[in-house]
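**Student:** what follows is a predicted structure for the sequence shown.
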Amino acid sequence: GEAVPASQKSSWASFLKSIASFSGDLSSLTAPPFILSPISLTEFPAYWCERPELFSAIADAKTDEERSIAVLKWFISTLKGQYTSRNEKLGSEKKPLNPVLGELFYGYWPNDATNRGQTNLIVEQVSHHPPITAYYIENKDKGLSLQGHNAQKTSFSGGSIIVRQIGHAVLTVKLPSGSTDTFLITLPKLRIDGLWYGSPYIELTEMSYIQSSTGWLSSIEYKGKGYFSGKSHQFKALLTPPSSSYPKHTFEGLWHLTSKNVKSGEDFTDVTSPKEEVTVANVDEQGDWESRKLWKFVAKGIREGDFEAASREKSKIENEQRQRRRDELAAGTKWELKHFDHIDSDPIYEELGRLFKANPSEEDAYIYRHNGPQFPPVPVPPTES
Ligand code: 0T9
């Protein structure tokens with residue numbers, strides 16, 4: 001492989017062997033330095049809102065149909081960030097830092113002159129083994145919230161890592177009438193290709209769904225190279241009206257570039273312009289459990305190529321965690337989550353999932369306790385006149 005540094009070829013080969021003969025939690029496997037990312041998985045929920053104007057536009061839709069289209073447009077426009085941004089930023093998909101139990105990530109996107117409202121992000125690592133990340137994203141000004149959690153089941157097939165995403169997201173839209181439109185969002189399956197050459201990248205496969213409580217349903221199909229147009233990162237989404245079996249709208253294109261409304265020929269999504277990264281407090285102002293503070297020295301080691309320092313600092317964190325678990329066991333106490341309550345079965349998932357025969361038919365959830373930090377209120381910049 002060309003992307004693998006000569007000195008790490010044998011360690012990459014043995015890493016690939018270990019993932020091939022392994023199923024379960026990949027995050028705990030030790031990988032060679034060149035493939036390590038200095039960013040923790042707790043930062044990933046920020047990908048949901050890096051186009052804040054598309055998120056806030058959901059609140060401005062006039063009808064149930066328009067709202068479902070706006071949700072689909074926002075969702076498709078997040079995929080580039082979620083699944084290809086590490087390739088752009090770090091050169092390839094890389095192994096993220098494996099969050100510790102209780103790790104936190106806070107951030108926000110400020111309001112602006114268009115009055116899109118401020119959007120806040122609260123993330124907590126609610127399980128270490130298996131890794132589970134819970135998040136809550138809220139634009140109070142617009143009456144929008146997104147609550148979800150993420151876990152993965154991985155396997156190895158035909159030289160690729162197959163990742164089934166466990167978890168879902170629930171988007172709640174407060175309508176001017178006082179009622180709400182609730183959307184259940186399921187997550188696509190991933191295939192991680194390019195492993196052999198040491199330059200992993202993600203392709204999406206199979207289907208995901210967005211079911212509105214008004215009855216509108218988006219069914220999104222993902223295809224990569226070798227299908228349909230032969231290009232990478234293709235999708236086709238059908239939007240079906242309440243209790244109908246025929247789609248009214250079809251959207252098609254490349255989720256990392258542009259797409260179109262097939263019938264009208266109008267442009268649908270376009271993510272070729274820069275996205276807006278989440279605003280996060282300086283590391284020095286962060287609490288000890290906040291991701292960038294917690295991983296500061298590990299991340300520094302990885303960024304500067306000082307992998308001995310990185311692994312020393314990582315061991316410190318892991319030993320401290322092991323000691324905590326031992327102390328809890330001895331004291332008969334257990335770790336308390338800070339921002340979320342766990343429920344065994346999510347009634348929204350069950351109710352909306354039934355409408356499109358979601359598989360599985362039940363999922364658990366983490367419900368936000370509305371006890372997040374105070375985010376700095378950001379003054380709206382004056383409009384030019
Ligand atoms: C939720 C996303 C998820 C998290 C990541 C599979 C993966 C961990 C989970 C699913 C986000 O909304 C979207 C994007 C990327 C996913 C990660 C890609 C990845 O490789 C890791 C796994 C755990 C690995 O690190 C595998 C080993 C690595 C050497 C391959 C690059």
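**Tutor:** Yes, it's here. Numbers count the residues shown, from 1 in each chain.

**Student:** and the residue in the stretch 201-350 of the chain positioned nearest to the ligand, what are its bridge partners?
**Tutor:** Using Cβ to the nearest ligand atom, Ile202 is the residue of the stretch 201-350 of the chain that sits closest to the ligand, at 6.2 Å. For the C-beta atoms, the positions are set from N, CA and C on the backbone; glycine is no exception. Counting by DSSP bridges, Ile202 forms beta bridges with Ile192.

**Student:** quick check: it touching Ser85?
**Tutor:** No - counting by Cβ atoms under 8 Å, Ile202 sits too far from Ser85 to count as a contact (10.2 Å).

**Student:** who's more crowded, these two?
**Tutor:** Ranked by neighbour count (other Cβ atoms under 10 Å), Ile202 and Ser85 place Ile202 first, with 23 against 17.

**Student:** who touches that one in this structure?
**Tutor:** The contact partners of Ile202, by Cβ atoms under 8 Å, 6 or more residues apart in numbering, come to 83-84, 93, 190-193.

**Student:** check Pro360 too.
**Tutor:** The contact partners of Pro360, taken as Cβ under 8 Å, 6+ apart, number zero.

**Student:** quick one: the helices in the stretch 201-350 of the chain, in order.
**Tutor:** 291-294, 296-304, 307-331, 347-355 (DSSP state H, counting those that start in this stretch).

**Student:** would you mark the buried spots in the shortest one?
**Tutor:** Along helix 291-294, the positions that meet the burial threshold by neighbour count (16 or more other Cβ atoms under 10 Å) are 291-294.

**Student:** how far does the helix or strand where Ser37 lies sit from the chain's center?
**Tutor:** Element membership for Ser37 (DSSP states H and E) is strand 36-40. Relative to its chain's centre, strand 36-40 lies at 15 Å (Cα atoms, centre = their mean, to the nearest Å).

**Student:** contact partners of it?
**Tutor:** Outside of strand 36-40, the residues within contact range by Cβ under 8 Å, 6+ apart are 86, 90, 94-99, 103, 105, 291, 294-295, 298-300, 302-303, 307, 310.

**Student:** what pairs with that strand, parallel or antiparallel?
**Tutor:** Taking DSSP bridges as the criterion, strand 36-40 forms sheet pairs with strand 95-97 (parallel).

**Student:** quick one: distance of the partner strand to the chain centre.
**Tutor:** Centre-to-centre, strand 95-97 and its host chain are 14 Å apart (Cα atoms, centre = their mean).

**Student:** list the buried ones in the biggest strand by length in the chain?
**Tutor:** For the chain, the strand that runs over the most residues, judged by DSSP state E, is strand 144-157. Buried residues in strand 144-157, defined by neighbour count with 16+ other Cβ under 10 Å: 144-152, 154, 156.

**Student:** what residues does the stretch 1-150 of the chain have near the ligand?
**Tutor:** Counting by Cβ under 6 Å from any ligand atom, the positions of the stretch 1-150 of the chain adjacent to the ligand are 26-27, 31, 35, 44, 47, 82-83, 93-96, 150.

**Student:** and with 5 Å instead?
**Tutor:** 26-27, 31, 35, 44, 82, 93, 95, 150 (Cβ under 5 Å from any ligand atom).

**Student:** residue nearest the centroid of this protein?
**Tutor:** Centroid-nearest residue in the chain, with Cα atoms, centre = their mean: Pro45, separated by 4.3 Å.

**Student:** shouldn't that one be within a strand?
**Tutor:** No - under DSSP: H, G, I helix; E, B strand; the rest coil, Pro45 sits outside any strand and is assigned helix.

**Student:** surely it touches Gly148?
**Tutor:** Yes - using Cβ under 8 Å, Pro45 makes contact with Gly148 at a distance of 7.5 Å.

**Student:** for the stretch 151-300 of the chain, what lies in contact range of the ligand?
**Tutor:** Taking Cβ under 5 Å from any ligand atom as the contact definition, the stretch 151-300 of the chain meets the ligand at 163, 200.

**Student:** nice, that's everything, thank you.
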